[in-house]
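**Q** Sequence and predicted model, in that order:
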Amino acid sequence: MTGTAFTVCGVGYRVGGARILDDVTLDIAYGRVLALVGPNGAGKSTLLGILTGDVAPSAGEVLLDGRPLRNWSTRELARTRAVLLQANHVAFSFSAGDVIEMGRAPWIGTERADADEQLIADATARADVAHLTGRDYPSLSGGEKARVSLARVLAQDTRIVMLDEPTAALDLRHQEEVLRIARDLAARGRAVVVVLHDLSLAAAYADDVAMVDAGCLVALGAPADVLTEERIGAVYGTPVRVIADLDTGRPVVLPRRSA
């Protein structure tokens, strides 16, 4: 697909007297990876929750495909966007394979259900979890649960994919693979939004970076334009060095440390 997936217009969110987000405005396009970055408590996950439709903004509006997000039904959203949350909890003792199959639930009774078996197999292979499908999901490690949950999201086969800190529990190899999957999804015309703490990963794989600080969108643009030493130092409160990757030329963010 092409065009704009989300239009975020002056969105704010408050809990009691606490301002979590304030006047956030941005567009999220199909065919691109947008990385949401910022320090702990900046409002990244809240913004993602507003985009998913799970959190209602206190101010402003979000349009999905040009239509107010509040007017979308739960079923319509489930067939349009897939969401990977930070916490990968399952209430009952399902197998990993059962969890992956849950990604196809929105398509039960539709023509697209005919593709269930192939999409589940493809998602299982892409997330590198074929060897885990027979295991009880609660018995898996944090990283294994994250990869099985990613496979569920991929099996859902939606035109928008949103990932909240998908690399947090993963080893180096699987961190890279998850972001390569995100890039591949965007290359196929999907809109991908990913919350990341690793600024170098964001720089390596995102088309656009949105930096959030204290609930405000402080920068939006290409990784090299957003991830500058001055801005990162000011927002994160720690000095960094930004160098160019020798292979890709993209920014690599390194903390400055005393000898």
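**A** Received, thanks.

**Q** Grab the nearest non-local neighbour of residue 132.
**A** Excluding the flanking residues, the one nearest residue 132 by CB to CB, 6 or more residues apart in numbering is residue 96, at 4.6 Å. For the C-beta atoms, the positions are set from N, CA and C on the backbone; glycine is no exception.

**Q** and that neighbour, what pLDDT?
**A** pLDDT for residue 96: 95.

**Q** Alpha carbons of stretch 153-165, in CSV - could you do that?
**A** Provided in CSV are the C-alpha atoms of stretch 153-165 (Å, rounded to 0.1, in the frame of the first residue of the first chain):
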residue,chain,number,x,y,z
VAL,A,153,1.6,-10.9,15.0
LEU,A,154,3.0,-11.9,11.6
ALA,A,155,0.3,-14.6,11.2
GLN,A,156,-2.3,-12.0,11.7
ASP,A,157,-1.2,-10.6,8.3
THR,A,158,-2.4,-7.0,8.7
ARG,A,159,-1.4,-3.9,6.7
ILE,A,160,-0.2,-2.1,9.9
VAL,A,161,2.2,-3.7,12.4
MET,A,162,3.0,-2.1,15.8
LEU,A,163,5.8,-3.5,18.0
ASP,A,164,6.4,-2.2,21.5
GLU,A,165,10.1,-2.9,22.5
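
**Q** Now for the residue nearest to residue 132: which residues touch it?
**A** Contacts for residue 96 (CB atoms under 8 Å, 6 or more residues apart in numbering) come out as 129, 132, 133, 134, 135, 136, 137, 140, 144, 148.

**Q** Next: residue 204.
**A** Per CB under 8 Å, 6+ apart, neighbours of residue 204: 179, 245, 248, 250, 252.

**Q** ok, residue 212 to residue 160 distance?
**A** 19 Å (CB to CB, to the nearest Å).

**Q** ok, back up a step: now render the contacts of residue 204 as CSV, adding distance to residue 38 and secondary structure.
**A** Putting the contacts of residue 204 into CSV (distance: CB to CB, whole Å; DSSP: H, G, I helix; E, B strand; the rest coil) gives the following:
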residue, distance to residue 38, secondary structure
179, 18, helix
245, 22, coil
248, 23, coil
250, 19, coil
252, 19, strand
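
**Q** So what touches stretch 14-27?
**A** Contacts of stretch 14-27 (CB under 8 Å, 6+ apart): 4, 6-13, 43, 46-47, 50, 57-60, 210, 212, 215-217, 220.

**Q** before we move on, what about stretch 169-182?
**A** 33, 126-128, 141-143, 145-147, 150, 154, 161, 163, 166-167, 192, 194, 198, 201, 204-205.

**Q** any chance you could map the helices in the chain?
**A** 44-52, 74-78, 96-101, 116-126, 142-156, 172-187, 199-205, 223-226, 229-236 (DSSP state H).

**Q** List buried residues within the contacts of stretch 169-182.
**A** 33, 126-128, 145-147, 150, 154, 161, 163, 166-167, 192, 194, 198, 201, 204-205 (16 or more other CB atoms under 10 Å).

**Q** With adjacent residues omitted, what lies nearest to residue 102?
**A** That would be residue 152: by CB to CB, 6+ apart, it lies 5.7 Å from residue 102.
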